[in-house]
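take a look and give me a structure for this.
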Amino acid sequence: MSQLRPSKWTLRTAKANSGNLDRLLASGGELVLVDPESESHRLFYGRMGTSIELETAISTLRSRILNAPVQTGTADSPNLQFDFSPIYMTDAFRGQELSHSDLRGACVYVDAGRRFLAGVPAMLLGINAAEMSVGLSSPADLRIAERAIARAPAVLLLRGATAGLHARTYSGVEFGYLN
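Numbers count the residues shown, from 1 in each chain. The predicted structure is shown next:
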C-alpha cells in the first residue's frame, strides 16, 4: 500500500463506544459514509486489540507524588463530526472508484501518538475476513493475515478522532469487522 489515491467517498460522522482495561482495547460503533452520488451509507463495526503505552515524566511524577502505581482504564461514547477525514484507495484496489461492498469486511484500526502531539488514527477497510481470521488464528499462519491486510482496498484517516493533546507516547492496533 505504497500509493494512495483519493476517493470521492467521505466520512460524515462516527459514533463509537469504547473502553480499555490496561492494554486490552475493545470498541464498536457506526460510521456514516457518503458515496460519490451523495447517498449516505451506515456501516457498523466491532473491534478488539491491544495498546502499548510508554510511561512519561508526567505519569512518573504523578505516581511518585501519590506514592501509588499508575492505573489505566477508560470508557467513552463520543458523537464525532468529521469535517476532513479522507478515504483513500490503496494500490491494491484496481478500480476507478470504491463501492459500498469494497468497504465492508474485516478492518484494522491503528492509532498512535507521541508526547503532546495528537495522532491521526487510520482504519484499513475491506479486508478479506476469512484470510485475516485464518492468519490471526495461529502464529504459523501470520503471513496469511499480512497478505490480507496488504490487499485492503481502502484506508480511512480519522482526523479529529483522537481529540486533545496526549502527555504520553502510545500506539494501539485493533482487528475487527465493518458491515
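
worst-scoring helix or strand of this protein, pLDDT-wise?
Scoring the helices and strands of the chain by mean pLDDT, DSSP states H and E places strand 73-76 at the bottom, with a mean of 38.

flag every buried residue along the top strand by length along the chain.
Identified as the longest strand of the chain according to DSSP state E is strand 4-21. For strand 4-21, the neighbour count (16 or more other C-beta atoms under 10 Å) marks 4, 7, 9-11, 13-14, 16, 18, 20 as buried. Using the backbone N, CA and C atoms, a C-beta is placed for each residue, glycine as well.

residue boundaries of the strands in this protein?
Under DSSP E, the chain gives strands at 4-21, 24-34, 40-54, 73-76, 79-81, 86-90, 105-113, 122-127, 154-157, 169-178.

how about Trp9, nearest residue that isn't a chain neighbour?
Ile87 (4.5 Å; C-beta to C-beta, 6 or more residues apart in numbering).

just list the residues touching that neighbour, thanks.
Residues in contact with Ile87 (C-beta atoms under 8 Å, 6 or more residues apart in numbering) are 6-7, 9-11, 33, 98, 125, 154-157.

hmm, Gly46 is touching Gly176, no?
Yes - with contact defined as C-beta atoms under 8 Å, Gly46 reaches Gly176; the gap is 5.3 Å.

which neighbours do those two share?
Going by C-beta under 8 Å, 6+ apart, residues that sit against Gly46 and also against Gly176 are 27-28.
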